[in-house]
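Undergrad: Could you work out the structure for the sequence below:
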Amino acid sequence: MSNETFASVWDAIEDTAAQAENMKLRSVLMMALEQHIRAKGWTQTEAARRLGVTQPRVSDLLRGKINLFALDTLVNMVAAAGLHVELRVLEAA
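TA: Numbering: from 1, shown residues only. Now for the predicted structure:
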């Protein structure tokens, strides 16, 4: 067992830095959507209608099934929720 440390869990479990970055972005978007849905008090059916997806997709989102969501899909859902996405690109540490 190694004592290697990582900046995030994604850095530890993904094979490449690119995969880790993709997962980090997807997880941030999923958490923002979940928080927004809960703050608005939407049912899964209401959230699905507002986000332009099916209720089972909202269920997958709320259960954190990150592998079922592409980055572009999540950006579309965030926009449909009336939220704004900002992106910063920085030098890698």
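Undergrad: all helices for the chain, in order.
TA: For the chain, applying DSSP state H gives helices covering 9-13, 17-40, 44-51, 55-62, 71-80.
Undergrad: Same list, those, but as a markdown table with mean neighbour count please.
TA: For glycine as for every other residue, the C-beta is placed from the backbone atoms N, C-alpha and C. A markdown table is the format used below for the helices of the chain (neighbours: other Cβ atoms under 10 Å):
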| stretch | mean neighbour count |
| --- | --- |
| helix 9-13 | 14 |
| helix 17-40 | 15 |
| helix 44-51 | 17 |
| helix 55-62 | 17 |
| helix 71-80 | 16 |
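Undergrad: Turn these into JSON lines, including distance to residue 92 and mean pLDDT.
TA: Shown next, in JSON lines, are the helices of the chain (distance: least, Cβ to Cβ, whole Å; pLDDT from 0 to 100):
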{"stretch": "helix 9-13", "distance to residue 92": "11", "mean pLDDT": "61"}
{"stretch": "helix 17-40", "distance to residue 92": "7", "mean pLDDT": "93"}
{"stretch": "helix 44-51", "distance to residue 92": "33", "mean pLDDT": "98"}
{"stretch": "helix 55-62", "distance to residue 92": "29", "mean pLDDT": "98"}
{"stretch": "helix 71-80", "distance to residue 92": "19", "mean pLDDT": "96"}
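Undergrad: I'd like the ones you listed written out as JSON lines, with distance to residue 87 added.
TA: Converted to JSON lines, these look like this (distance: least, Cβ to Cβ, whole Å):
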{"stretch": "helix 9-13", "distance to residue 87": "17"}
{"stretch": "helix 17-40", "distance to residue 87": "8"}
{"stretch": "helix 44-51", "distance to residue 87": "20"}
{"stretch": "helix 55-62", "distance to residue 87": "20"}
{"stretch": "helix 71-80", "distance to residue 87": "10"}
